[in-house]
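A.B. asks: after the sequence you'll find the predicted model.
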Amino acid sequence: MNNFQMYSHIQTPGWTLGWTWAKKEVIWSMVGAQTTEQGDCSKFKANVPHCCKKSPTVVDLLPGVPYNQQFSNCCKGGVVAAWGQDPSASVSAFQVSVGLAGTSNKTVKLPKNFTLLGPGPGYTCGPAKIVPPTTFLTPDRRRKPQALNDTGMFYGMKFFNDLLMEAGSTGNLQSELLLQKDQNMFTFKQGWAFPRKVYFNDEECMLPPPESYPFLPNSAHKTLVGPLTLLVSLVMFLLL
């Protein structure tokens with residue numbers, strides 16, 4: 001959700017988004033937000049959806065939630081700044097995984113009756129429309145990635161993919177992917193940019209928690225070691 005108002009912002013207690021499913025859809029999971037009620041999910045025995053209500057109500061998460069529950073531009077308690085005051089904080093987003101909706105353009109139907117509430121009278125919403133994904137040009141003006149989150153997708157080469165598929169259940173293959181990050185384009189508060197989630201063939205890989213990674217502040221700078229320091233260190237080593 002983008003707030004293009006110049007000076008009007010959504011303040012505490014934040015926004016509340018609602019809609020009505022066109023069929024019998026359910027929400028399997030959500031990242032960056034949650035529904036206020038789960039609804040009747042009694043017909044699901046093994047995997048229980050996040051929400052089974054015909055008309056779910058979604059609210060933003062509070063700051064400080066665990067990383068595995070976060071999404072880009074989420075978790076502000078529903079507070080959205082005005083675009084004219086702070087463009088970077090005028091966006092609120094979450095990710096939702098929908099079930100029982102079908103798998104083709106003919107079976108998937110758009111939700112109806114969108115409502116967006118906030119402090120004050122709230123907002124009116126028109127019918128949902130299918131639009132092309134938002135895109136932007138990278139500085140080299142050659143690639144045009146999708147804007148819509150901070151996810152990267154990679155495809156292997158067919159020959160090597162075939163070798164991987166032949167590994168079998170007892171095989172053991174490993175590979176290495178190195179990514180170079182430009183500090184002039186983006187940075188993180190702890191200085192390191194490790195992925196929070198990695199998927200392989202649609203299955204989530206096991207990763208250590210982000211807190212276990214080593215980190216440095218962004219303001220960290222290189223400490224130059226001069227010849228005198230090295231000489232003193234060498235002398236101390238010989239003495240020991």
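C.D. replies: That came through, no problem. Owing to the predicted nature of the structure, the values given are computational and were not obtained by experimental measurement. Numbers count the residues shown, from 1 in each chain.

A.B. asks: can you list the residue ranges for strands in this protein?
C.D. replies: Here the chain has its strands, by DSSP state E, at 16-20, 26-31, 33-35, 57-60, 95-99, 112-117, 199-200, 203-204.

A.B. asks: what's the mean pLDDT across the fourth one?
C.D. replies: What strand 57-60 shows for mean pLDDT is 96.

A.B. asks: Asn113 touches Ala22, doesn't it?
C.D. replies: No. Under the criterion of C-beta atoms under 8 Å, Asn113 makes no contact with Ala22, lying 10.1 Å away. All C-beta atoms are positioned from the backbone trio N, CA, C, and that covers glycine.

A.B. asks: picking up where we left off before, closest to Gln5 out of the strands of the chain?
C.D. replies: Among the strands of the chain, the nearest to Gln5 by C-beta to C-beta is strand 112-117 (12.8 Å).

A.B. asks: could you list the low-pLDDT ranges of the chain?
C.D. replies: Scanning the chain for pLDDT under 70 picks out the ranges 133-153, 155-156, 158, 160-175, 181-194, 201-202, 210-211, 213-240.

A.B. asks: how long is stretch 6-22 end to end?
C.D. replies: 34 Å (C-alpha to C-alpha, to the nearest Å).

A.B. asks: can you list the buried residues in it?
C.D. replies: Applying a neighbour-count criterion of 16 or more other C-beta atoms under 10 Å, one finds His9, Ile10, Gly14, Trp15, Thr16, Leu17, Gly18, Trp19, Trp21 buried in stretch 6-22.

A.B. asks: this structure: helices as residue ranges?
C.D. replies: 158-165, 227-239 (DSSP state H).

A.B. asks: would you list the buried residues of stretch 6-22 in TSV and tack on distance to Gly126?
C.D. replies: Converted to TSV, those look like this (distance: C-beta to C-beta, whole Å):
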residue	distance to Gly126
His9	22
Ile10	19
Gly14	22
Trp15	17
Thr16	18
Leu17	14
Gly18	15
Trp19	12
Trp21	18
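
A.B. asks: re the thing from before, with respect to Val131, which of the strands of the chain lies nearest?
C.D. replies: Val131 lies closest to strand 112-117 among the strands of the chain, at 14.4 Å (C-beta to C-beta).

A.B. asks: next, the angle strand 16-20 makes with that closest one.
C.D. replies: Counting by axes from the mean of the first three to the mean of the last three C-alpha atoms, to 10 degrees, strand 112-117 lies at 170 degrees to strand 16-20.

A.B. asks: CA atoms of strand 112-117 as PDB?
C.D. replies: The C-alpha trace of strand 112-117 is given here as PDB (Å, rounded to 0.1, in the frame of the first residue of the first chain):
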ATOM      1  CA  LYS A 112     -14.300  -8.400  -3.700                       C
ATOM      2  CA  ASN A 113     -15.400  -5.600  -1.400                       C
ATOM      3  CA  PHE A 114     -12.000  -4.200  -0.300                       C
ATOM      4  CA  THR A 115     -12.100  -1.900   2.800                       C
ATOM      5  CA  LEU A 116      -9.200   0.100   4.200                       C
ATOM      6  CA  LEU A 117      -9.900   1.500   7.700                       C
END
